[in-house]
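# this one's structure only:
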């Protein structure tokens, strides 16, 4: 009995230590979400049952027409408080999840990068607070697909 | 063999706007050579950004980030002389890094 509770204590301790180390490595790689081939599966792997709410508070800046799908500039930002992470998803790509950005407590929610798009698709910028996910979506027409290179 | 990250940044109202360029092939693993051989997947999986040695942002990427990735982000509560560093690791275990002293 003693042994059992000690083990449980140690297990609790290791969880506490792992939690304390969170700012250094916030989460393990979201492998399942990156491997998902459907948007719903990526969302489920990342957010579980959290509701996804479309919101004007999320700014998604991306061209409506991308001449070169290999290089499509995208910016996701928000003034919302308490944003823990930002995500970029491209519905029609083989794996919709393109990137995740986990923010430190004092980091502004504002990231920009360039993504590849195989064909015209809805692109989504998502931001996660402690208990909610907000997103903005925009259709992007691709003239020349960019997943070949 | 990893090329260094090019970093630029400027401070505006205590917030640093950082722009980075990371030379990297970002191969998806689906592209074929003219010979028909598939080019193996080779892409940056993780990017860690630090401000004076403290993690301020950690990104995970899939292969759909464009070749030679561009990545811009912001860091709050910065002063001239502060150090911003960025480090990437790819799916083959290679890494690259860059450092910037804010002016």
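Now that the structure is in, tell me what you want to look at. All values derive from a computational prediction rather than experimental measurement.

# which positions within the helix or strand containing residue A:34 qualify as buried?
For residue A:34, the enclosing helix or strand under DSSP states H and E is helix A:31-35. The neighbour-count check on helix A:31-35 (16 or more other CB atoms under 10 Å in any protein chain shown) flags A:33, A:34 as buried. All C-beta atoms are positioned from the backbone trio N, CA, C, and that covers glycine.

# what does the next helix or strand after it contact?
Per DSSP H and E, the first helix or strand lying C-terminal to helix A:31-35 is helix A:39-47. Under the contact criterion CB atoms under 8 Å, 6 or more residues apart in numbering or on different chains, helix A:39-47 has outside partners A:30, A:32-34, A:36, A:52, A:87, A:89, A:91, A:95-97, A:100, A:128, A:133.

# list buried residues within those residues.
Counted by 16+ other CB under 10 Å, these give A:30, A:33-34, A:36, A:87, A:89, A:91, A:95-97, A:100, A:128, A:133 as buried.

# so which elements touch the helix holding residue A:34?
If you count contacts as 3 or more CB pairs under 8 Å, 6 or more residues apart in numbering or on different chains; DSSP states H and E, helix A:31-35 packs onto helix A:39-47, strand A:97-103.

# out of the ones you listed, deepest packed?
strand A:97-103 (a mean of 25; mean count of other CB atoms under 10 Å in any protein chain shown).

# residues of the top strand by length along chain A that come out buried?
Scanning chain A for the longest strand, with DSSP state E as the assignment, gives strand A:133-144. Neighbour counts over strand A:133-144 (16+ other CB under 10 Å) mark A:133, A:134, A:135, A:136, A:140, A:142 as buried.

# could you list the paired strands of that strand along with their orientation?
Here strand A:133-144 has these sheet partners by DSSP bridges: strand A:52-54 (parallel), strand A:65-68 (parallel), strand A:121-128 (antiparallel).

# let me see the mean pLDDT of the helix or strand where residue B:86 lies.
Per DSSP H and E, residue B:86 falls inside strand B:83-90. Across strand B:83-90, the average pLDDT comes to 97.

# where among the strands paired with strand A:133-144 is average confidence lowest?
Among these, strand A:65-68 carries the lowest mean pLDDT, at a mean of 93.

# residues contacting that one, please?
Around strand A:65-68, the neighbours that count as contacts under CB under 8 Å, 6+ apart are A:72, A:117, A:140, A:141, A:142, A:143, A:144, A:146.
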